[in-house]
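J.: quick one, structure for this:
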Amino acid sequence: LAACGATETRNPGDRRTAHLAALAAAGSALLAVPLLATGDAAHFVVVFLASVVSWMTAGRAAAIPDAAGELPSESPALWAHAGADAAILGSFHLSLVRVPLGELPRVREELTAARSLFREAGWLENPTTFHVAPSGLPNPVHSTPRRAAGLRYEQLRAESTYQPAADACGALRWRARVRNRATHAWWVRHENPDAPWVICVHGFGLGRAFLDFQALAARRLHRVHGYNLLFPVLALHGPRAEGVVSGDGFFSGDPLDTLNAVAQSVHDIRHWLAWVLDRAHEPPDIFGVSLGAYHAALVAALEAGTGGDRLRRVLLGTPLVDIEETLWLHGPPSWHEAARDAGIDREDVRDLFRAISPLSLPPPAIPSAMFVAQADRLIPPGQAPDLARHWKDAQVARVPSAHVTYRLVPELRGVLREYLPGAAVRD
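T.: Residues are numbered from 1 along each chain as shown. So this is what the prediction gives:
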């Protein structure tokens with residue numbers, strides 16, 4: 001904490017310092033517990049209160065200004081929520097694996113070749129044509145019964161049929177990710193054979209059943225709203241991860257890896273959607289949070305751009321909308337400088353990502369809604385309004401939380417009740 005404070009004094013306004021300070025505050029609070037166990041209550045109170053103050057201060061300092069450079073006006077309660085976001089970002093600074101600086105020339109060459117290919121193929125002009133719909137159903141589907149977070153579920157596994165667009169898109173490197181060749185999903189089966197369905201898409205770093213069920217209110221949606229639940233696992237996450245950390249490689253700083261990760265995740269979700277439609281009596285709803293909301297928005301636009309025959313409604317929670325802007329905001333300045341020195345232009349990345357942007361696809365012609373966190377420290381404040389304007393008729397609710405603490409506020413129940421009614425809600 002002292003080191004973070006000294007760094008903030010020398011570099012005021014550096015949000016990365018606030019992120020690490022929040023992480024340090026959490027660690028300090030945990031380290032104070034042994035003081036209480038040994039009977040040293042006075043020192044415990046001092047250390048714990050100092051940690052709480054540091055946590056809230058870091059949450060406040062991590063605020064992202066709007067387009068006009070203005071910071072939000074927030075209560076201390078929201079600063080406490082925001083501390084969680086800051087701590088998560090602090091852990092990302094320490095744990096995320098980035099492309100080695102020595103590989104940046106290769107990244108530049110692949111980016112240049114991919115942009116040329118995408119322009120010639122018309123994928124930047126009409127991104128819908130880039131996303132080839134999967135054919136048939138996932139086959140064969142292997143099922144294993146499991147239990148997590150108080151719910152019985154089936155872990156489904158099938159081979160992913162996604163193929164990168166061309167060798168210029170890093171195809172050989174992408175196909176070498178052996179564990180990512182299989183697609184997985186968690187199925188929480190409802191006892192009512194006529195129960196409606198909702199496809200739930202997890203956020204970055206999740207992809208484990210216990211965490212996914214917590215993040216997307218699975219018990220409530222299943223037991224209170226009466227849904228069948230299907231949780232597709234995003235590329236490079238959970239059982240598809242190549243490393244120890246779920247999601248490693250998704251945001252490594254290599255634009256082609258991020259593009260393939262998003263494109264494959266969308267492809268696999270659409271394949272699981274076909275599997276649901278083969279069983280459901282009516283089109284399912286789709287609900288995603290954070291990075292999962294990004295994918296839910298893409299799937300909704302691709303599958304319901306002309307009507308609701310394959311999806312019934314879409315709900316996005318604390319949505320990520322612009323990957324390039326968010327990665328640039330939170331990336332280390334030293335890496336940005338090295339990328340510029342290697343000839344990697346930020347506008348080139350933004351141009352390539354048009355093919356995987358929900359802002360480049362037509363709005364879905366089904367009921368759509370989103371909820372945004374008032375103290376979000378991960379997503380710049382203009383992104384959700386940009387998507388809401390693009391979708392025109394989307395309903396927007398605000399919840400008094402941070403990006404990762406929306407499950408802690410009672411307002412979420414009202415949002416779910418209104419936008420994911422399912423069967424009869426038994427409140």
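J.: please make it C-alpha for all contacts and neighbour counts, starting now.
T.: OK.
J.: so Trp286 makes contact with Leu315?
T.: If you look again at residue 286, you'll see it is Ile, not Trp. Yes: using CA atoms under 8 Å, Ile286 is in contact with Leu315, at 6.4 Å.
J.: helix/strand/coil for Ile199?
T.: Here Ile199 is recorded as strand under DSSP: H, G, I helix; E, B strand; the rest coil.
J.: how about the contacts made by it?
T.: 229-232, 273, 284-287 (CA atoms under 8 Å, 6 or more residues apart in numbering).
J.: where along the protein do the strands fall?
T.: 142-148, 151-159, 182-188, 197-201, 228-232, 285-289, 314-317, 368-373, 395-399 (DSSP state E).
J.: in its sheet, which strands sit next to the third one, and in what direction?
T.: In the sheet containing strand 182-188, the strands it pairs with under DSSP bridges are strand 151-159 (antiparallel), strand 228-232 (antiparallel).
J.: can you check the fourth one too?
T.: Listed by DSSP bridges, the sheet partners of strand 197-201 and their directions read strand 228-232 (parallel), strand 285-289 (parallel).
J.: got JSON lines for the ones you listed, with mean neighbour count, mean pLDDT and distance to Pro105 too?
T.: Shown next, in JSON lines, are the strands paired with strand 197-201 (neighbours: other CA atoms under 10 Å; pLDDT from 0 to 100; distance: least, CA to CA, whole Å):
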{"stretch": "strand 228-232", "mean neighbour count": "28", "mean pLDDT": "98", "distance to Pro105": "35"}
{"stretch": "strand 285-289", "mean neighbour count": "26", "mean pLDDT": "98", "distance to Pro105": "34"}
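J.: okay, the ones you listed in CSV with distance to Thr326 next?
T.: As requested, these are exported to CSV (distance: least, CA to CA, whole Å):
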stretch, distance to Thr326
strand 228-232, 24
strand 285-289, 15
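J.: ok, how many other residues are close to the nearest residue to Phe371 once chain neighbours are set aside?
T.: Leaving out its chain neighbours, the residue that sits closest to Phe371 by CA to CA, 6 or more residues apart in numbering is Ala397, at 4.6 Å. By other CA atoms under 10 Å, the residues close to Ala397 number 16.
J.: one more: Pro100?
T.: Counted with other CA under 10 Å, the neighbours of Pro100 add up to 11.
J.: any idea how far it lies from Thr38?
T.: Relative to Thr38, Pro100 is positioned 46 Å away (CA to CA, to the nearest Å).
J.: Phe371 pairs with what?
T.: Taking DSSP bridges as the rule, Phe371 bridges to Gly317, Ala397.
J.: any idea how far Thr57 is from it?
T.: Using CA to CA, Phe371 is found at 25 Å from Thr57.
J.: which one of the strands of the chain lies closest to Asp85?
T.: Across the strands of the chain, Asp85 has its closest neighbour in strand 368-373 (10.9 Å, CA to CA).
J.: neighbouring contacts of that closest one?
T.: Under the contact criterion CA under 8 Å, 6+ apart, strand 368-373 has outside partners 313-319, 384, 393-403, 406, 415, 419.
J.: OK, contacts around the closest residue to His184 other than its chain neighbours?
T.: Using CA to CA, 6+ apart and skipping residues adjacent in sequence, the residue nearest His184 is Arg157, 4.5 Å away. By CA under 8 Å, 6+ apart, the contact list for Arg157 reads 141-143, 182-185.
J.: re earlier: any chance of the strands of the chain in a markdown table with distance to Phe210 as columns?
T.: Formatted as a markdown table, the strands of the chain follow (distance: least, CA to CA, whole Å):
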| stretch | distance to Phe210 |
| --- | --- |
| strand 142-148 | 5 |
| strand 151-159 | 9 |
| strand 182-188 | 10 |
| strand 197-201 | 13 |
| strand 228-232 | 11 |
| strand 285-289 | 15 |
| strand 314-317 | 19 |
| strand 368-373 | 23 |
| strand 395-399 | 24 |
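J.: and these: which comes nearest Pro358?
T.: Proximity to Pro358 (CA to CA) singles out strand 314-317 among the strands of the chain, at 12.1 Å.
J.: how much space is there between Pro193 and Arg279?
T.: Distance, Pro193 to Arg279, by CA to CA: 9 Å.
J.: ok, now Trp391?
T.: Noted for Trp391: a distance of 29 Å to Arg279, by CA to CA.
J.: now swap in Arg417 and tell me
T.: Distance, Arg417 to Arg279, using CA to CA: 24 Å.
J.: isn't Pro284 up against Arg312?
T.: Yes: with contact defined as CA under 8 Å, Pro284 counts as touching Arg312 (5.6 Å).
J.: who has more neighbours out of those two?
T.: More neighbours surround Pro284 than the other of Pro284 and Arg312, with 26 against 20 (other CA under 10 Å).
J.: ok, and the closest non-adjacent residue to the more buried one?
T.: Nearest residue to Pro284 in three dimensions, chain neighbours excluded: Trp197, at 4.7 Å (CA to CA, 6+ apart).
J.: what about the protein, any weak spots by pLDDT?
T.: 1-14, 168, 306-308, 424-427 (pLDDT under 70).
J.: which residue is nearest the centroid of it?
T.: Leu291 (1.8 Å; CA atoms, centre = their mean).
J.: quick one, what contacts the residue nearest to that residue when sequence neighbours are not counted?
T.: Once flanking residues are discounted, Leu291 sits nearest to Gly203: 4.6 Å by CA to CA, 6+ apart. Gly203 makes contact with 288-293, according to CA under 8 Å, 6+ apart.
J.: got the phi and psi for Gly203?
T.: Reported as degrees, to the nearest 10, the phi and psi values for Gly203 are phi -90, psi -180.
J.: hang on, the earlier thing: narrow the contacts of Arg157 to those that are buried.
T.: Neighbour-count burial (16 or more other CA atoms under 10 Å) applied to those gives 143, 182-185.
J.: all set, thanks.
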